[in-house]
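Participant: show me the folded form of this:
(one chain, ligands or ions: 2)
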Amino acid sequence: MKILLTGCSGQVGYELERSLQGLGEVVAVDRARMDLSDLDQVRAVIRDVRPSLIVNPAAYTAVDKAESEAELAHRINAEAPAVMAEEAKRLDAALVHYSTDYVFPGTDPAPRLETDATGPVNVYGASKLAGEQAIVASGVRHLIFRTSWVYGMRGKNFLLTMLKLARERDELRIVADQHGAPTWSRTIADSTATVLAQAKAGGADWWRAHGGVYHLSSQGQTTWFEFTQAILEEAGIACKLTPIATADYPTPAKRPAYSVMSSQKLGQDLCALPHWRDALRLCMR
Ligand SMILES: NC(=O)C1=CN([C@@H]2O[C@H](COP(=O)(O)OP(=O)(O)OC[C@H]3O[C@@H](n4cnc5c(N)ncnc54)[C@H](OP(=O)(O)O)[C@@H]3O)[C@@H](O)[C@H]2O)C=CC1
Ligand SMILES: Cc1cn([C@H]2C[C@H](O)[C@@H](COP(=O)(O)OP(=O)(O)O[C@H]3O[C@@H](C)C(=O)[C@@H](O)[C@H]3O)O2)c(=O)[nH]c1=O
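Facilitator: Ligands and ions are numbered 1, 2, ... in the order given. Presented below is the predicted three-dimensional model:
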């Protein structure tokens, strides 16, 4: 199996480059080799590499900035995946793509299922949903993993921001009315590899039976405030934490109040997922 992996400098891409090694030859490309805002280049690289599988964790992930860069976010998160899908189909290859809890409006306080109605409340979420829809519409063999609140010990993420701020400030004010499930980048990469090992063994029949959209988030749920408490507890850092309302932390992008997803479908069919608190402990150790 020849795997074209995008975004290998990102949180998930970095972990995937390691996790996918046992599955075949991994051709990992970064922005310098394949810029997702250049659709001709995306097409050309795929035609040059001729993969049997494309794994695409690259994305425009700056949620607030996307509000003022909607066109760029849409090109990277929707149009580039559409080109990947089209080219993968031409090659009879499969496509693994990542999406987000932010495709949901977050108004209903029950874990979302894959079959639930979407309705993004910000530009980033809308661009990611458009990417999902383009892939599904293309008819390519695909897996779309919707994940949430991704963190790890490298890259740009909430955990590293909180560790930095807690060392610099006496007090942190953190929103306590947005609910979600923090998910370690390594959990995403290892789960992807587990599922792809099954796909490799099962061939075309496997994709017919199991292809589609899956929620891939850690078990349990929390708020950004409680997540910060847990991070500082693991790091042994004492800093005053004050819970605040979303309204007291104005941002350019609106965020869903409740974006917990049920990963039961993935857990039952293909791969068990850890509780967010256990994964956080493991990550920080
Ligand atoms: N981060 C999160 O909290 C969440 C992420 N997701 C989804 O999971 C997936 C992985 O996210 P994550 O690893 O956290 O994201 P990161 O922001 O850590 O990494 C994004 C990657 O995309 C690359 N990239 C961005 N723009 C371009 C471009 N124009 N051309 C080529 N590469 C580009 C970045 O390259 P460079 O280093 O050069 O910028 C980087 O390698 C994405 O699909 C994201 O939407 C879903 C839910 C939560
Ligand atoms: C820095 C900071 C943030 N916050 C709030 C702002 C926001 O509501 C919440 C999270 O902040 P962030 O901007 O780090 O997180 P955000 O960029 O919204 O994270 C999202 O990223 C994209 C890519 C996804 O797909 C989502 O699943 C989700 O992980 O924390 C505070 O309350 N206090 C603070 O000091």
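Participant: CA only for contacts and neighbour counts going forward, please
Facilitator: Fine.
Participant: list the helices and strands the helix or strand of the chain with the lowest mean pLDDT packs on?
Facilitator: Of the helices and strands making up the chain, the lowest-confidence element is helix 264-269, at a mean of 92, by mean pLDDT, DSSP states H and E. Secondary-structure packing of helix 264-269 (3 or more Cα pairs under 8 Å, 6 or more residues apart in numbering; DSSP states H and E): strand 212-215.
Participant: hmm, 10 Å instead?
Facilitator: helix 185-210, strand 212-215 (3 or more Cα pairs under 10 Å, 6 or more residues apart in numbering; DSSP states H and E).
Participant: just those: most buried one?
Facilitator: strand 212-215 (a mean of 22; mean count of other Cα atoms under 10 Å).
Participant: is ligand 2 contacted by it?
Facilitator: No. Using Cα under 6 Å from any ligand atom, strand 212-215 never reaches ligand 2; the gap is at least 11.7 Å.
Participant: could you check how far the residue in the stretch 151-285 of the chain that ligand 2 sits nearest to is from ligand 1?
Facilitator: For the stretch 151-285 of the chain and ligand 2, the shortest gap (Cα to the nearest ligand atom) falls at residue 174, measuring 3.3 Å. Computed as Cα to the nearest ligand atom, to the nearest Å, the residue 174 to ligand 1 distance reads 17 Å.
Participant: one step back: dump the helices and strands packed on helix 264-269 to TSV, plus mean pLDDT.
Facilitator: Compiled in TSV, these are given as follows (pLDDT from 0 to 100):
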stretch	mean pLDDT
helix 185-210	96
strand 212-215	98
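Participant: want to try TSV for these, with distance to residue 259 as columns?
Facilitator: As requested, those are exported to TSV (distance: least, Cα to Cα, whole Å):
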stretch	distance to residue 259
helix 185-210	18
strand 212-215	11
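Participant: identify the residues contacting the least confident helix or strand of the chain?
Facilitator: 113-114, 145, 191, 195, 210, 213-217, 219, 270-274 (Cα atoms under 10 Å, 6 or more residues apart in numbering).
Participant: surely residue 131 is within a helix?
Facilitator: Yes. Assignment of residue 131 by DSSP: H, G, I helix; E, B strand; the rest coil places it within a helix.
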